[in-house]
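Asks: Give me the fold of what follows.
(2 chains)
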Amino acid sequence: MINELTPLQLDAIREVGNIGAGHAATVLSQLLNQKVSMSVPEVNILPLAEACDVVGGPEKPMVGVYLRVFGGAPSKILYLFPEEKALFLAGLLINDQEKCRNLLGELEVSALKEIGNILTGAYVYAFSNFTGIDMLSSVPALAFDMVGAIMNTILADLGEMGDYALIIETQLTACDESVDGHFFLVPDPDSLATILAALGVNDGCLKQSGSECPN
Amino acid sequence: MSETIRVGMSQLAVAEAPKILVTLGLGSCVAVCIYDYFLKVGGMAHIMLPDSSIANSGVVNRGKFADTAIVDLIEALQQKGTAKERMVVKIAGGSQMFSYQGLDNQIQIGARNIKAVEENLARLGFTITNRSVGGNSGRSVFMDLATGAIRVKMLDSPEIIL
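Replies: The predicted structure is shown next:
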């Protein structure tokens, strides 16, 4: 079960998350022409009932950019930015802060989705290279709403398999903290065994229904 | 301020006046609220998924699924002495937070949840009196057990009382 991972397995997941996020941070830095720093990823295994509270209060308005990852280890990717940071980020991308004032405007939405796209491309590329698992990301979707509502929509289908969510979270900070975003990778329940096997830490391989232990 | 009880994803709770049952930040999930106006006892279920038959782990957490959670909620209410003919049923939630073209069945989960909740309530002989469902916005739901009124808060529109 997902809540019975060993410390070694958690470390391995954290490391691969680190490599992915490192690439994403580099790309963001190039894109914005700004210094970007990132936190060491946290690997959290949370009961679904609590998972919606990971980013402060569930009613806090935030922008979420969501992508689905297909391939050998299907997963979900979600970026969360506070309202004003999202506008600032969109402004940086199109190089005109004046134009970015309406969060749900076409230009802003498009810019934020593109940022999600670029970051995910870098993350998935690094993750895929490191693990040897083929991965491909979908087009991004965007929502601006209560963060709890965004999280519970993303996590709902995990309930089909179990009561826990494994969430790899990284914080990115750019422009002296004026951009701070949360980045989440949530592997589908079956993908976890695949990822652990690829990392060579599938000792006593996770018994997940519907997935064979790849050796 | 009355005591509030938070009902998280996949949980259900039953309580009596003057408590308030709350679920914050409801996306594709659906809150089913059932109230006995005579006893002033009510319950809320925070449902994530339409149907427990899609669960492929051995032990099913019944609170997650529309078919099992509604049965359990009604049973828990009946243990408190509530009677079916005095029960008022209201639902909220089931929005589609992300607009996406096709790609992912999971995205339409809100609509599937609403349908499953409606079907299961109908099967058990309950009529939904008020609802605030669908759309693209997240909701916070406050069920006041003193009156049975349901307050629905959304980010971009005025508060609704069901």
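Asks: Show the contacting residues for A:A25.
Replies: A:36-38, A:172 (C-beta atoms under 8 Å, 6 or more residues apart in numbering or on different chains). In short, each C-beta sits where N, CA and C put it, glycine included.
Asks: Under a three-state scheme, what state does it occupy?
Replies: Using DSSP: H, G, I helix; E, B strand; the rest coil, the structure places A:A25 in helix.
Asks: will you turn the contacts of A:A25 into CSV that also has neighbour count and pLDDT?
Replies: Below are those laid out as CSV (neighbours: other C-beta atoms under 10 Å in any protein chain shown; pLDDT from 0 to 100):
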residue, neighbour count, pLDDT
A:V36, 19, 83
A:S37, 12, 82
A:M38, 20, 80
A:L172, 21, 79
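Asks: so which of these would you say is closest to A:F130?
Replies: Of all the contacts of A:A25, A:F130 sits closest to A:M38, with 16.4 Å by C-beta to C-beta.
Asks: So the closest residue to that closest one other than its chain neighbours versus chain B, what's the distance?
Replies: Spatial nearest neighbour of A:M38, chain neighbours left out: A:A25 (4.4 Å); criterion: C-beta to C-beta, 6 or more residues apart in numbering or on different chains. Using C-beta to the nearest C-beta, to the nearest Å, we find A:A25 at a distance of 25 Å from chain B.
Asks: So for A:A25, what's the pLDDT?
Replies: On the pLDDT scale, A:A25 is placed at 85.
Asks: before we move on, what about B:Q101?
Replies: 52.
Asks: Please identify the pairing partners of the helix or strand containing B:A15 and their relative orientation?
Replies: Assigned by DSSP states H and E, B:A15 falls within strand B:12-16. Partners of strand B:12-16 in the sheet, by DSSP bridges, are strand B:41-47 (antiparallel).
Asks: quick one: the strand it pairs with to chain centroid distance?
Replies: 6 Å (C-alpha atoms, centre = their mean, to the nearest Å).
Asks: when you scan the very next helix or strand once past that strand, is anything in it near chain A?
Replies: As assigned by DSSP H and E, the chain's next helix or strand after strand B:41-47 is helix B:66-79. No: Helix B:66-79 does not reach chain A (C-beta under 8 Å from any C-beta of the partner chain); its nearest approach is 11.2 Å.
Asks: which residue sits closest to B:Q96 in space, ignoring its chain neighbours?
Replies: B:G110 is the one closest to B:Q96 (C-beta to C-beta, 6+ apart), at 4.9 Å.
Asks: who touches the helix or strand containing the one you found?
Replies: B:G110 is part of helix B:109-123, with elements assigned from DSSP H and E. Helix B:109-123 is contacted from outside by A:153, A:156-157, B:27-30, B:32, B:47-51, B:66-67, B:70-71, B:89, B:91, B:93-97, B:127-128, B:133-134, using C-beta under 8 Å, 6+ apart.
Asks: relative to its centroid, which residue of chain A is most remote?
Replies: A:E98 (28.9 Å; C-alpha atoms, centre = their mean).
Asks: The closest residue to that one other than its chain neighbours: neighbouring residues, count only.
Replies: Nearest residue to A:E98, sequence neighbours excluded (C-beta to C-beta, 6+ apart): A:G91, at 7.9 Å. The local packing of A:G91 (other C-beta atoms under 10 Å in any protein chain shown) involves 18 other residues.
Asks: try B:G94
Replies: Count around B:G94 with other C-beta under 10 Å applied: 28.
Asks: and what of the one 3 residues further on?
Replies: Taking other C-beta under 10 Å as the neighbour definition, B:M97 ends up with a count of 28.
Asks: do A:A122 as well
Replies: Neighbours of A:A122 using other C-beta under 10 Å come to 21.
Asks: how about residue 135, what does it touch?
Replies: Since you didn't name a chain, this refers to chain A. A:M135 makes contact with A:69-73, A:75, A:124, A:127-128, according to C-beta under 8 Å, 6+ apart.
Asks: Let me rephrase: I mean chain B.
Replies: B:95-96.
Asks: Three-state assignment for it, please.
Replies: coil.
Asks: what's it sitting at in phi/psi?
Replies: phi 80, psi -170 (degrees, to the nearest 10).
Asks: rewinding a little: may I have the helix holding B:G110 exported as CSV, CA atoms only?
Replies: Taking C-alpha atoms only, helix B:109-123 is exported to CSV below (Å, rounded to 0.1, in the frame of the first residue of the first chain):
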residue,chain,number,x,y,z
ILE,B,109,-16.5,13.5,-12.7
GLY,B,110,-18.6,16.4,-11.3
ALA,B,111,-21.4,15.7,-13.7
ARG,B,112,-21.2,11.9,-13.0
ASN,B,113,-21.3,12.5,-9.3
ILE,B,114,-24.5,14.6,-9.5
LYS,B,115,-26.2,12.0,-11.7
ALA,B,116,-25.2,9.2,-9.3
VAL,B,117,-26.4,11.2,-6.3
GLU,B,118,-29.7,11.9,-7.9
GLU,B,119,-30.3,8.3,-9.0
ASN,B,120,-29.4,6.9,-5.6
LEU,B,121,-31.7,9.3,-3.8
ALA,B,122,-34.5,8.6,-6.2
ARG,B,123,-34.0,4.8,-5.8
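Asks: Excluding chain neighbours, what is closest to whichever residue of chain A sits closest to chain B?
Replies: Across chain A, the shortest distance to chain B (C-beta to the nearest C-beta) belongs to A:G148, at 1.9 Å. Using C-beta to C-beta, 6+ apart and skipping residues adjacent in sequence, the residue nearest A:G148 is B:G25, 1.9 Å away.
Asks: Which of the helices or strands spans the one you found?
Replies: strand B:20-26.
Asks: same for that strand, what does it pack against?
Replies: Here strand B:20-26 touches helix A:147-155, strand B:4-6, strand B:41-47, strand B:139-144, going by 3 or more C-beta pairs under 8 Å, 6 or more residues apart in numbering or on different chains; DSSP states H and E.
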